[in-house]
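> predicted model and sequence below, questions to follow.
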Number of protein chains: 2
Amino acid sequence: MPVFTILHRDKQTNARRGKLKTAHGTIETPFFMPAATKATGKFITTDDYNNLGKNTKVQAMICNAFILSCKPGIDVIKAAGGVHSFMNFKGVVFTDCGGFQMSRSMYEHKSDKGIHFRNPFNNQKIILTPQKIMEIELALGSDVAMMLDDMSGYGVSKEEARIAMNNTHAWGSLSLRIHQELRKKNKSKQLLFGIVQGNFYPDLRQESAKYISSLDFDGIAIGGVAIGEPMEKMYEAVDAALPYIPTEKPRYVMGVGSPLEILELIGRGIDCFDSVFPTQNARHGTMFTRTGKMYIMQTAYAFDFTPLEAGCECHTCQTYTKAYLHHLSKVEPGCFKRLTSIHNLCFMMNLIEDVKKAIKNDAFLEFKEEFKKEFCRKK
Amino acid sequence: MPVFTILHRDKQTNARRGKLKTAHGTIETPFFMPAATKATGKFITTDDYNNLGKNTKVQAMICNAFILSCKPGIDVIKAAGGVHSFMNFKGVVFTDCGGFQMSRSMYEHKSDKGIHFRNPFNNQKIILTPQKIMEIELALGSDVAMMLDDMSGYGVSKEEARIAMNNTHAWGSLSLRIHQELRKKNKSKQLLFGIVQGNFYPDLRQESAKYISSLDFDGIAIGGVAIGEPMEKMYEAVDAALPYIPTEKPRYVMGVGSPLEILELIGRGIDCFDSVFPTQNARHGTMFTRTGKMYIMQTAYAFDFTPLEAGCECHTCQTYTKAYLHHLSKVEPGCFKRLTSIHNLCFMMNLIEDVKKAIKNDAFLEFKEEFKKEFCRKK
């Protein structure tokens, strides 16, 4: 069985249903991954990811390989038997290492060798090279490793963007070679995804998509978006790259995003997503429902003894009312954030389930328009 | 059926098994209640109280009536249909109002009329009188209301202790009369417990126990202990009062305590307990096991891939290892506190279950000694 199989292509859009085979089971695409950067969610743990509601769980999550190598350390996770058993997660685990160029508490500088970090826990200097990160990701035992990329920030010059892209390309071919050796040596089934960079210069995106797609990665990601740019810029970057990324490979846009952005990208043929958007919104009290967003901290909900969303089967809606969650937001914010995160993640999982059904029925476009109309309705 | 029935008296000690009938079901005694001061635990919510493990739940909890009257407010909880349905708790709810004389953020002063508070949420001045607190507790719909008492601090003069005791006695008889009227008028089945005061003066404790026991309360509590005194002082105060409290009534020592203190008091014939001790310990990483306390934040546990306690059926032990909890303590303290609280509460519930079995078999003394030996063992 190949790593990725397309089961159905929507007749009206580029949306597709597929399945991705990993060492920890086969996952249907498209799918959405919440972050578990430090081998845990924020205010929410794996037990909730494994059981968002009676029939809903998180199917895949993404951890940060560099962070985990600092704490608890690779030796701990290896001794635990890998990251899945360390955190007792039943699904598919992706590991990433980049995206931290933005974090002033860790990032020092970069060179053509790799990214120069400082361990935020003990202040030790570390150079993350393709060799190093491939070793870390393999040791963690994730199902899908992401290559080391060099991401340039929003608004940088074309020259700077090109340097980052060139580093990404060099590190990509190096990562692939190292990973193939390590995989063989360790009899590992870990997959490796390449990452397209090129900032918001369409010609660079095109060049990067061509180069990364020329390498034998198991999947292709578009990175360096959702970093503060306007939404149209994000679509422009994705649209510049997509024609050069083979349709037979799983395609992943990193760090996106809102339910509407995800639907837009699914319509363009993207299969994998990760984002802190649903849980970040939840922590600030913005609840997702099919009939629009709801700001549960508003006084209007103090006397509302109905669940966040009628008919929602998430643990939170099955257990508590809006009034109680509103109360928790005032007196016990940590518990509030756990319960609201459960709801918004369950919302995302159910949305993706419905998307898959719509694609199957060649009705994705209608589904997307209908969802958009309801979700954007003023409450 | 009477409110309280003694099912069995241990042959060697004053320990007894019984049952307390409340509006929300009959609860076996002895029992232990965690705090839900603000209609929630700290870092742990009712869904966890209702499901600590496969077969273990919290059977009773205690809320603070005054705090709830400030936030979310009585009108919210009344509209929710009472405190049980507001927080979706399946067990028995006690409400208390005192104990806040110690809290500088709220307490202003006292008079013979009542306790003068300041609402911590809006700074408004409030006098809590017996009339006022009985109305609040009835409106909350708790199963057991505690009378308004006047608690003096540890180390006060006998004169000061006597003033507080006299206030308590006056408020006690007034509370009882008001509660009987309110209960009749509202067709309520709420029980009312009296509270013995008298500080650490044995003759005052004796006087207070006699007076409070002379009134027709549904149960008798000993308050004003576990406020910073040495352990022997606590036992001295309890021992001074106990001979004057009828054995046919449920007896409650408020705010105690550690597993060993609870066992000591059960042996003296106490039936009800509440304490933040197990959850407070959990939040600081002190885990209870039958073979002693364990400090899970110690580096020694970073590589320990066994559960907190072998054979423990709590949600935490069934899901995570010591190594993972150790990791969470460093990177996600809120989640750590939830999971450790679940374990320590489950430990308390299971301890009480075993105590009840031991009493049934007239083997409480042996059980207590055996438990003490194991629990105090140096690890």
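Yep, it's here. Numbering: from 1, shown residues only, chains lettered A, B, ... in the order given.
> when you work out contacts or count neighbours from here on, use the C-alpha atoms and nothing else.
Fine.
> now stretch A:301-313, how far from the centre of its chain.
Computed by CA atoms, centre = their mean, to the nearest Å, the separation of stretch A:301-313 from the middle of its chain amounts to 29 Å.
> in it, what counts as buried?
A:Tyr301, A:Ala302, A:Phe303, A:Asp304, A:Phe305, A:Pro307, A:Leu308, A:Glu309, A:Cys312, A:Glu313 (16 or more other CA atoms under 10 Å in any protein chain shown).
> before we move on, which element is the fifth one in?
When elements are assigned from DSSP states H and E, A:Phe305 belongs to no helix and no strand.
> and the pLDDT for it?
For A:Phe305, the model assigns a pLDDT of 98.
> contact partners for it?
Shown in contact with A:Phe305 (CA atoms under 8 Å, 6 or more residues apart in numbering or on different chains): A:Thr321, A:Lys322, A:Ala323, A:Tyr324, B:Ala80.
> I'd like those residues laid out as JSON lines, including neighbour count and pLDDT.
Output for the contacts of A:Phe305, formatted as JSON lines (neighbours: other CA atoms under 10 Å in any protein chain shown; pLDDT from 0 to 100):
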{"residue": "A:Thr321", "neighbour count": "25", "pLDDT": "98"}
{"residue": "A:Lys322", "neighbour count": "22", "pLDDT": "98"}
{"residue": "A:Ala323", "neighbour count": "27", "pLDDT": "98"}
{"residue": "A:Tyr324", "neighbour count": "28", "pLDDT": "98"}
{"residue": "B:Ala80", "neighbour count": "21", "pLDDT": "98"}
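> farthest-separated two in those residues?
Maximum pairwise distance among the contacts of A:Phe305 (CA to CA): 10.9 Å, between A:Lys322 and B:Ala80.
> common neighbours of the two, please.
Here A:Lys322 and B:Ala80 share the contacting residues A:Phe303, A:Phe305, scored by CA under 8 Å, 6+ apart.
> in the sheet, which residues pair with the residue nearest the centre of chain A? Tell me.
Nearest to the geometric centre of chain A sits A:Asp274, at 1.5 Å (CA atoms, centre = their mean). Taking DSSP bridges as the rule, A:Asp274 bridges to A:Met33.
> now A:Leu68: closest residue in space that isn't a chain neighbour?
Closest residue to A:Leu68 apart from its sequence neighbours, by CA to CA, 6 or more residues apart in numbering or on different chains: A:Lys38 at 6.0 Å.
> number of nearby residues for the one you found?
A:Lys38 is flanked by 22 other residues according to other CA atoms under 10 Å in any protein chain shown.
> is A:His116 in a helix, a strand, or coil?
Here A:His116 is strand, with the state taken from DSSP: H, G, I helix; E, B strand; the rest coil.
> hmm, back to that, what's the residue nearest to A:Leu68 in contact with, if anything?
Counted by CA under 8 Å, 6+ apart, A:Lys38 has contacts A:Cys63, A:Asn64, A:Ile67, A:Leu68, A:Lys71, B:Val331.
> now A:Thr56: how far from B:Ala221?
To B:Ala221, A:Thr56 is 46 Å away according to CA to CA, to the nearest Å.
> who's more crowded, the two?
Neighbour tally, A:Thr56 and B:Ala221, criterion other CA under 10 Å: the higher count belongs to B:Ala221, 27 against 19.
> quick one: contacts for that one?
B:Ala221 makes contact with B:Phe193, B:Gly194, B:Ile195, B:Val196, B:Arg251, B:Tyr252, B:Val253, B:Met254 under the criterion CA under 8 Å, 6+ apart.
> A:Thr95: which of the residues you listed is nearest?
So of these, ranked by how close each gets to A:Thr95 (CA to CA), first place is B:Met254, at 50.2 Å.
> what about the residue of the stretch 101-250 of chain A found nearest chain B, how many residues close to it?
Here the stretch 101-250 of chain A gets closest to chain B at one residue, A:Phe121, 9.9 Å apart by CA to the nearest CA. The number of residues packed near A:Phe121 is 11, by other CA under 10 Å.
> for it, pull up the helix or strand it's in.
For A:Phe121, there is no helix or strand it lies in under DSSP H and E.
> hmm, it is touching A:Cys70, no?
Yes - applying CA atoms under 8 Å, one finds A:Phe121 in contact with A:Cys70, separated by 7.1 Å.
> so what's A:Lys125 scoring on pLDDT?
Note on A:Lys125: pLDDT of 89.
> and the residue lying closest to it once chain neighbours are set aside, what is it in contact with?
Residue nearest to A:Lys125 in three dimensions, not counting chain neighbours: A:Arg118, with 4.5 Å by CA to CA, 6+ apart. Listed by CA under 8 Å, 6+ apart, the contact set of A:Arg118 reads A:Ser105, A:Met106, A:Tyr107, A:Glu108, A:Gln124, A:Lys125, A:Ile126.
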